[in-house]
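A.B. asks: coords please:
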Amino acid sequence: MTEDENEIMLDLLCKKAVYGLTKEEAGLLEQFEAGDFDAGSFEETAAAIGLIDLKAEPMPDHLQAKVMADADEYFSRDSVFSKNEADTSSQRTGQVSHTKVRGSFMDWLGWGVAAAACIALAVNLYSTRNQSTAVAGNGATPTPTQQEQLDPSQQRQRLIESPGQVIRANFGKGNVKEIAEISGDVVWSEAKQAGYLRLKGLPKNDVSKETYQLWIFDEAQDEKFPIDGGTFDINSEGEVIVPIDAKLKAKNPSAFAITIEKPGGVVVSTRGKIAALAAVKSNQLGSTFNDRIFDPPIVKLSLFGAIFSFRFSSTVAPRL
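C.D. replies: Predicted coordinates:
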């Protein structure tokens, strides 16, 4: 077989392993296979190349080393066997020419080099794929970022330490006589529209009968209709911290009031039971503002009318 035929044969075998052959190419391959060469090694090589894309477990290092050693031993033994066979044949016939021996050796050498190249290619592709998989798996498996879980006390402290202005006011006793003493404060961030109540001394409430409700007085809302800051219940003794749940945006709050309402809260409070009150120190209304929170407007009007009537009668009546 000539060198050109060898190359054609090698191309057909590689194409058969990777893409498959047409009918004409298959017929040509059969003609070559009918020749006087060993095509079994090429079939095995083609099968090895065809298995490259199959998913398989990584080959252990010791097994890969053994395969390579066996391959080296195989080709070394085959080389010695071919040499001995050539010597025996020469001695038996005594008519083998130098040109024929050289041609047979070159034919075998070409096929041997081609087979070795195919095996080396298969091993290289297999090793490269395994190394890529190993490198990709060496990195730490990304895990979803876990949000830091903070209790209300820690959340309140973080709000206080956050950039920007944080309003702070101390709670005092309201108009409920049953509450002897109450302390605590409120912190509020206008930028974040978030805040917390810290209370001590507020009695536990019967949730089936009543609830506590926070009201926020600011410059945008009428004092008769303060912002609902949410409802909450007290079910433990000692200090409690309650997040503020403002239903509207509060702008420059001036006071915070806690009332006792029916379960579920109300839309507008009568302010009959004010459990605690906190006025912002920067507010210039002072105690007058507190009075307006404690006293319903109708009472203030009645008191003003009575004073006006008394002064009018005392100054005008004698002249009459």
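A.B. asks: mind checking which helix or strand Thr259 is in?
C.D. replies: Secondary structure assignment for Thr259, by DSSP states H and E: strand 255-261.
A.B. asks: next SSE downstream of that strand?
C.D. replies: strand 274-279.
A.B. asks: quick check: neighbours of that next one in the sheet, parallel or antiparallel?
C.D. replies: Note on strand 274-279: by DSSP bridges, its sheet partners are strand 172-173 (antiparallel), strand 255-261 (antiparallel).
A.B. asks: between the ones you listed, which gets nearest to Ala180?
C.D. replies: Nearest of those to Ala180, taken as CB to CB: strand 172-173 at 8.1 Å. (C-beta placed from N, C-alpha, C; glycine too.)
A.B. asks: the next helix or strand after that closest one to strand 255-261, inter-axis angle?
C.D. replies: Going down the chain from strand 172-173, the next helix or strand is strand 183-189, by DSSP H and E. Interaxial angle, strand 183-189 versus strand 255-261 (axes from the mean of the first three to the mean of the last three CA atoms, to 10 degrees): 120 degrees.
A.B. asks: how about strand 183-189 as CSV, C-alpha atoms only?
C.D. replies: In CSV, the C-alpha atoms belonging to strand 183-189 read as follows (Å, rounded to 0.1, in the frame of the first residue of the first chain):
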residue,chain,number,x,y,z
SER,A,183,-40.7,55.2,81.0
GLY,A,184,-39.0,54.7,77.7
ASP,A,185,-38.4,56.6,74.5
VAL,A,186,-39.0,56.7,70.7
VAL,A,187,-36.5,56.9,67.9
TRP,A,188,-37.5,57.9,64.4
SER,A,189,-35.7,58.4,61.1
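A.B. asks: residues in contact with that strand?
C.D. replies: The set of residues external to strand 183-189 that reach it, using CB atoms under 8 Å, 6 or more residues apart in numbering, is 156, 159-160, 162, 164-171, 194-202, 216, 239, 244, 250, 253, 256, 276, 278.
A.B. asks: buried stuff in it?
C.D. replies: Neighbour-count burial for strand 183-189, counted by 16 or more other CB atoms under 10 Å, picks out Gly184, Asp185, Val186, Val187, Trp188, Ser189.
A.B. asks: so what are the sheet partners of it and their directions?
C.D. replies: Partners of strand 183-189 in its sheet, by DSSP bridges: strand 166-170 (antiparallel), strand 194-200 (antiparallel).
A.B. asks: just name the most buried of these.
C.D. replies: Most buried of the strands paired with strand 183-189 by mean neighbour count (mean count of other CB atoms under 10 Å) is strand 194-200; its value is a mean of 21.
A.B. asks: then that one to CSV, C-alphas only?
C.D. replies: The C-alpha coordinates for strand 194-200 follow below in CSV (Å, rounded to 0.1, in the frame of the first residue of the first chain):
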residue,chain,number,x,y,z
ALA,A,194,-38.7,53.9,60.3
GLY,A,195,-38.5,53.9,64.1
TYR,A,196,-38.9,52.0,67.4
LEU,A,197,-40.6,52.4,70.7
ARG,A,198,-38.8,51.4,73.9
LEU,A,199,-41.2,51.1,76.8
LYS,A,200,-41.0,50.0,80.4
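A.B. asks: so what touches that strand?
C.D. replies: Strand 194-200 is contacted from outside by 152, 155-156, 159, 167, 171, 182-189, 214, 232, 234, 238-244, 246, 256, 258, 276, using CB under 8 Å, 6+ apart.
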